[in-house]
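S.K.: Provided below for reference: sequence and predicted model.
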Amino acid sequence: MTVVEPATKPVDKSQIRNAATVIALRDRASNPKVLMGQRGSKAVFMPNKVVFPGGAVDAGDADIPLAAPIPDPCATRLRESAEGDLVTALGAAAIRELWEETGLVLGQKGSWTGAPADWETFAATGHVPDASALQFVFRAITPPGRPRRFDARFFLVDADVHVATDLDDFSAACDELSTLQWIPLEEARSFDLPFITEVVLAEVQQRAQDPEPPASVPFFANTGSNSAFHRLRGLVDMDGRLD
């Protein structure tokens, strides 16, 4: 009798939402610190954990008029192993989530009339969103079995250079993250962190003194029965050139 192994259950990608997370880094040359906050005890996803600001991509994020897009090589890394071109949507989501959860502005001075409802408070600061400072440094998919799953792209930002507002003023932040604080990189892993945040912090520590975007991006994939690390190097055409 021939035994037929059951087929692996396909991943329902509709249950995995694209997301953007921002790693704001300050005092890079002296005593590097990252901005983190604590999620509430009643949060469905990662309650009580200390995390970077971030969240899911909204349907309208792809249509947000950015003053400047995420540049290459990060843009080509974002397109690799992705369904469709998400570069604009991810950049807008990163900027929006940073604003909503911390009150910090990643943008250029300018007037923005007719901003969507969830961008009105951002536009009221007198800025337009600018994604050119976002460096794509890590990607991770939430493992199966969690109440929510995300395909999260992590972006590093040199806050001293690119954040347009006071780095210590969180007065415009919503209440999604509490105890917002700049944590020295050397101390960050002593907090109650999600596993993947610890992994990302190790990557950030390696990159803290390097202002250039990484040559390749770690991708922690949880798309099947096994978890695996890959490296995103950008799309390559038939002639071996970056697309």
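M.R.: In hand now; what should we look at?

S.K.: got the buried residues for the host helix or strand of R96?
M.R.: In this assignment (DSSP states H and E), R96 forms part of helix 87-102. By neighbour count with 16 or more other C-beta atoms under 10 Å, helix 87-102 contains the buried residues 87-102. Any C-beta I mention is one placed from the backbone N, CA and C, and that applies to glycine too.

S.K.: which stretches of the chain form helices?
M.R.: For the chain, helices defined by DSSP state H occupy the ranges 74-79, 87-102, 120-123, 159-162, 185-188, 195-207.

S.K.: which helices and strands does the fifth one pack with?
M.R.: Secondary-structure packing of helix 185-188 (3 or more C-beta pairs under 8 Å, 6 or more residues apart in numbering; DSSP states H and E): strand 33-39, helix 195-207.

S.K.: Show me what that helix is in contact with.
M.R.: Identification of contacts with helix 185-188 by C-beta atoms under 8 Å, 6 or more residues apart in numbering yields 32-34, 36, 201, 204-205, 208.

S.K.: contacting residues around the closest residue to V50 other than its chain neighbours?
M.R.: Excluding the flanking residues, the one nearest V50 by C-beta to C-beta, 6 or more residues apart in numbering is F191, at 4.2 Å. Counting by C-beta under 8 Å, 6+ apart, F191 makes contact with 36, 50, 183.

S.K.: what's the closest of these to T113?
M.R.: M36 (34.3 Å; C-beta to C-beta).

S.K.: Give the bridge partners for that closest one, please.
M.R.: Beta-bridge partners recorded for M36 (DSSP bridges): Q181.

S.K.: so where is this structure shaky, pLDDT-wise?
M.R.: Where the chain drops to pLDDT under 70, the residues are 1-14, 41-46, 224-226, 235-243.

S.K.: what about the strands in it?
M.R.: 16-26, 33-39, 50-51, 54-56, 107-109, 127-129, 135-141, 149-158, 177-184, 217-221, 228-232 (DSSP state E).

S.K.: What is the fourth one packed up against?
M.R.: Contact analysis of strand 54-56 by 3+ C-beta pairs under 8 Å, 6+ apart lists strand 16-26, helix 87-102, strand 149-158 as its packing neighbours.

S.K.: what angle sits between the second one and strand 16-26?
M.R.: Angle of helix 87-102 versus strand 16-26, following axes from the mean of the first three to the mean of the last three C-alpha atoms, to 10 degrees, is 60 degrees.
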